[in-house]
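Peer 1: here's a sequence, model it:
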Amino acid sequence: MTGLAGGSEQTVQPTFVLVHGAFANSFSFAPLQAELGLLGHRSVAVDLPGHGFAATYTHAYQAPQDPEGLATAPGAIKGVTLADNTAHLIGVLERAKANGPVVLVAHSRGGVTATAAANARPDLIDRLVYVSAWAPVALEASQYYAEPEMATADPASLALALAGNPAELGLLRVNFRTADPEALAALKAAFLADGTDDEFLVFLNTFQPDENLDAGTAADRARAGTWGRVPKTYVRLADDASMPLALQDRLIREGDELTPDNPYDVRTLAGSHLKWLVDPAPAARVLAQLAQSAPVTR
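Peer 2: Numbers count the residues shown, from 1 in each chain. Next up is the predicted model:
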């Protein structure tokens, strides 16, 4: 197809659609988006339902905190399902695809939503990029926690700051504004052990306290006939304590076994679960390289 200027062909650069993980939101992608923009790439950071400005921050969460109120206050994310997340993401992908190729980038739990979207609408995704993200194949995402590859992850990192009973609240609530030194140390070790204390506290204050309970079922695992058609990259985070490298490598291996004719393109970045967002220049360069494999001419 010819471009608008003088009939010459124009290369259409892809749009990066960025999907956050648990307790996170679009705000955490701002530094990465700045780096991508400076490299000449456009991006859209998604807030899944109940996230971003749709999140609940109760008065009990403010200082001075009210622990009893925090443990019982209702949250807007109650009842949000993976299907809701997927439908929302597909809506974003449809709008982005109208402007050219789409590179879908998912982090952490956001990989479950990205996988479900690729199962449903592979036509909307030109490349799928997991950054230390869940790409469930053999098991449901939650079932991997009992597997040997997760043995080094510390389940107490969130439990020490848990607020309320998830079954009663209908959601997961974590008090990220806790001053408990043991809880803070566990959270830092799990998510940003290689960051400074200031970087850790800044990032912790971008988290929202509530997350939905639905992490998917067996029906939401990657499907060869749809998900398996999308070119895909897995960016390993070499020093990730909350999602150990052994688990990342297992997900890559299982994905390759499911679609041997379309294996993962594997990249590796140094750093913890959140370091790539605190220091985003290396990740932006990797994504910029991947963009070269997605553009089309019109």
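
Peer 1: low-confidence stretches in the chain?
Peer 2: 1-10, 294-298 (pLDDT under 70).

Peer 1: quick one, what contacts the residue sitting nearest the centre point of the chain?
Peer 2: For the chain, His107 is the residue whose C-alpha lies nearest the centre (CA atoms, centre = their mean; 2.5 Å). Contact analysis of His107 by CB atoms under 8 Å, 6 or more residues apart in numbering lists Leu18, Val19, His20, Gly21, Ala24, Val131, Ser132, Ala133, Leu277. Yep, even glycine has a C-beta here, placed from its N, CA and C like the rest.

Peer 1: am I right that the fifth one is in a strand?
Peer 2: Put plainly, it is Ala24. No - under DSSP: H, G, I helix; E, B strand; the rest coil, Ala24 sits outside any strand and is assigned coil.

Peer 1: list phi and psi for it.
Peer 2: Torsion angles at Ala24 (phi, psi; degrees, to the nearest 10) stand at phi -100, psi -170.

Peer 1: contact partners for the spatially closest residue to it that is not a sequence neighbour?
Peer 2: Counting by CB to CB, 6 or more residues apart in numbering, Phe207 is the residue found nearest to Ala24 once chain neighbours are left out, at 6.3 Å. For Phe207, the contact set (CB under 8 Å, 6+ apart) comprises Phe23, Ala24, Val174, Phe176.

Peer 1: separation between Phe207 and Tyr61?
Peer 2: According to CB to CB, to the nearest Å, Phe207 stands 11 Å off from Tyr61.

Peer 1: and for Leu128?
Peer 2: Look at Leu128 and Tyr61: by CB to CB, they are 35 Å apart.

Peer 1: more neighbours: which of the two?
Peer 2: Leu128 (26 against 20; other CB atoms under 10 Å).

Peer 1: surely that one touches Arg229?
Peer 2: No - applying CB atoms under 8 Å as the test, Leu128 and Arg229 come out as separate, 10.2 Å apart.

Peer 1: need the overlap of contacts for these two.
Peer 2: Common contact partners of Leu128 and Arg229 (CB under 8 Å, 6+ apart): none.

Peer 1: ok, residues contacting the longest helix anywhere in the chain?
Peer 2: The helix spanning the most residues in the chain, taking DSSP state H as the definition, is helix 82-97. Outside of helix 82-97, the residues within contact range by CB under 8 Å, 6+ apart are 15, 17, 19, 44, 46, 48-49, 102, 104, 112-114, 116-117, 120-121, 124-125, 212, 214-216, 220.

Peer 1: kindly report the same for stretch 151-161.
Peer 2: Contacts for stretch 151-161 (CB under 8 Å, 6+ apart): 145, 174-176, 178, 180, 182-183, 186-187, 189-191, 241-244, 246-247.

Peer 1: how far does it stretch from start to finish?
Peer 2: 21 Å (CA to CA, to the nearest Å).

Peer 1: same thing with stretch 149-166?
Peer 2: 26 Å.

Peer 1: that stretch: which residues count as buried?
Peer 2: Glu149, Met150, Ala153, Ser157, Leu158, Leu160, Ala161, Ala163, Gly164 (16 or more other CB atoms under 10 Å).

Peer 1: surely Phe27 is in contact with Gly52?
Peer 2: Yes - here Phe27 reaches Gly52: they are 7.1 Å apart, a contact under CB under 8 Å.
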